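A.B. asks: What follows is a protein structure lacking sequence information:
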């Protein structure tokens, strides 16, 4: 199975994106929510919703896999925006939906404060030792700062590993982590993983938008016998290193 590519500049996609923006505006107004203070989060989700509407005629949540069951497309957990799990549980318990685009006013205010603090704090890294790099590569879950430190160490030749993006081709075009080695979209993961011909003991780190697809792919790789697979827990939106657009 080859990856599905959609031209983001096509009139068809831009028209669908415009409809999706109106749709998310309507959801915000209907429920009294706010958008995520991180504009790139909202943009990524909106483009993913527009993509899924074009492909499946439903705005499936872009952070969950879409599969065919009895000839019909369905999302894992039936995630169609605004999804039931978000309305009934996530917005109540967390203050934000899984994809992060919709937030309660309280969550959005706290997030703005957090972002201001992060801007002040994350201005310098002492760098990692080789031993620290190796220890980090043993972790199943990494945060954005840990991956940024590993990418810096990799560029210096201190460590080797493969960084794999499991989002879709369109999302890769929107922006991907500088230094990412491969794009293996979740929609064609099995076949494209075979083509990548990775060694089973080679250190690999996976990432997606917010960490759910990459977690799913991590479990698949573990079941297939890959022994050193890490996951960027909260996805590219948590990464503060260089992004290529």
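C.D. replies: Cool, got the structure. The structure presented is a predicted model; accordingly, all values stated were derived computationally and were not measured.
A.B. asks: can you list contacts of the top helix by length along the chain?
C.D. replies: In the chain, with assignment by DSSP state H, the single longest helix is helix 11-31. Helix 11-31 is touched from outside by 6-8, 33-35, 42, 45-47, 49-51, 53-54, 59, 81-82, 87, 91, 101-102, with contacts defined as Cβ atoms under 8 Å, 6 or more residues apart in numbering. Bear in mind the C-beta positions are built from the backbone N, C-alpha and C, glycine included.
A.B. asks: now whatever helix or strand comes next after it, how far from the centre of its chain.
C.D. replies: Next along the chain after helix 11-31, taking DSSP states H and E as the criterion, comes strand 34-35. With Cα atoms, centre = their mean, to the nearest Å as the basis, strand 34-35 stands 19 Å off its chain's centre.
A.B. asks: Neighbouring strands of strand 34-35 in the sheet, and parallel or not?
C.D. replies: On the basis of DSSP bridges, the sheet neighbours of strand 34-35 come out as strand 102-103 (antiparallel).
A.B. asks: contact partners of the partner strand?
C.D. replies: Contacts for strand 102-103 (Cβ under 8 Å, 6+ apart): 24, 27-28, 31, 33-37, 82, 86, 91, 95-97, 111.
A.B. asks: swap the cut-off to 7 Å and go again
C.D. replies: Here strand 102-103 makes contact (Cβ atoms under 7 Å, 6 or more residues apart in numbering) with 27-28, 33-34, 36, 82, 86, 91, 95-96, 111.
A.B. asks: Outline the domain layout of the chain.
C.D. replies: Following automatic domain parsing, one gets these domains for the chain: 11-120, 130-244.
A.B. asks: What distance separates the opening and closing residues of the longest one?
C.D. replies: Right, domain 130-244. 26 Å (Cα to Cα, to the nearest Å).
A.B. asks: Do me a favour and average the pLDDT over that domain.
C.D. replies: Here domain 130-244 scores 94 as its mean pLDDT.
A.B. asks: Just give me how far it sits from the chain centre.
C.D. replies: Using Cα atoms, centre = their mean, the offset of domain 130-244 from its chain centre is 11 Å.
A.B. asks: What are the boundaries of the helices in the protein?
C.D. replies: 11-31, 39-56, 84-85, 91-93, 105-121, 130-136, 144-155, 169-174, 189-196, 212-223.
A.B. asks: Can you check the pLDDT for residue 118?
C.D. replies: With respect to pLDDT, residue 118 has a value of 51.
A.B. asks: Residue 66 is nearest to which of the helices of the chain?
C.D. replies: When the helices of the chain are compared by Cβ to Cβ, helix 39-56 sits nearest residue 66, at 6.3 Å.
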